[in-house]
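Undergrad: Just to be clear, the model below is a prediction. Sequence and coordinates:
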Amino acid sequence: MDFRDRLREEIEYSGLLDKEVADRAGITKRAIDSYVGVRGCMPSAEVAVRLARVLGCSVEYLVTGRDTRQRHLDNKTRRLVQLFQQLSTAEQDSLLQLLERMVK
C-alpha cells in the first residue's frame, strides 16, 4: 500500500466526497484526483498536512503507513473517536455515563 492507496482509503473512511476533502483542504478536486489517480502524484508537505488534518490522520500515516498515535486502534475504534469528538461536551458526558453503566 502506498500514499495513493492510503489517501484513497482515508477519504473513503471519512465518508466525505473527494470534492469535500479538496474544499476543506483548500485545494482543487483535480489535485485530489492527481494524488489518488493512476499517476499517484505526491502533494507538497503543506498540502499533505492539510489533507491529514481534514481526514483526521497523520502525515506520517499517509506517507509511511505507520502512525504512532493511532496504530493500535482498529477502524471501529477510530470511527468512535471521530464521532465522539464531534459531540458537544454535554453530549460527550452523557455518552460516557451511558457507556460506564453498560459496562458495569
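TA: Sure, I can see it.

Undergrad: State the helix or strand in which Q85 lies.
TA: Here Q85, judged by DSSP states H and E, is contained in helix 75-86.

Undergrad: Skip ahead from that helix and say which helix or strand is next.
TA: helix 89-103.

Undergrad: List the contacts of that next one.
TA: F84, L87 (Cβ atoms under 8 Å, 6 or more residues apart in numbering). Where you see a C-beta, it was placed from the backbone N, CA and C, and this is true even at glycine.

Undergrad: quick one: it to helix 75-86, angle?
TA: Orientation of helix 89-103 against helix 75-86 (axes from the mean of the first three to the mean of the last three Cα atoms, to 10 degrees) gives an angle of 140 degrees.

Undergrad: Please name every helix or strand in contact with the helix holding Q85.
TA: helix 3-14 (3 or more Cβ pairs under 8 Å, 6 or more residues apart in numbering; DSSP states H and E).

Undergrad: Packing partners of the helix it packs on?
TA: Here helix 3-14 touches helix 18-25, helix 29-36, helix 45-55, helix 59-64, helix 75-86, going by 3+ Cβ pairs under 8 Å, 6+ apart.

Undergrad: Just tell me which of those helices ends up closest to E10.
TA: helix 45-55 (4.4 Å; Cβ to Cβ).

Undergrad: list the buried ones in the closest one?
TA: Neighbour-count burial for helix 45-55 flags V47, A48, R50, L51, A52, V54, L55 (criterion: 16 or more other Cβ atoms under 10 Å).
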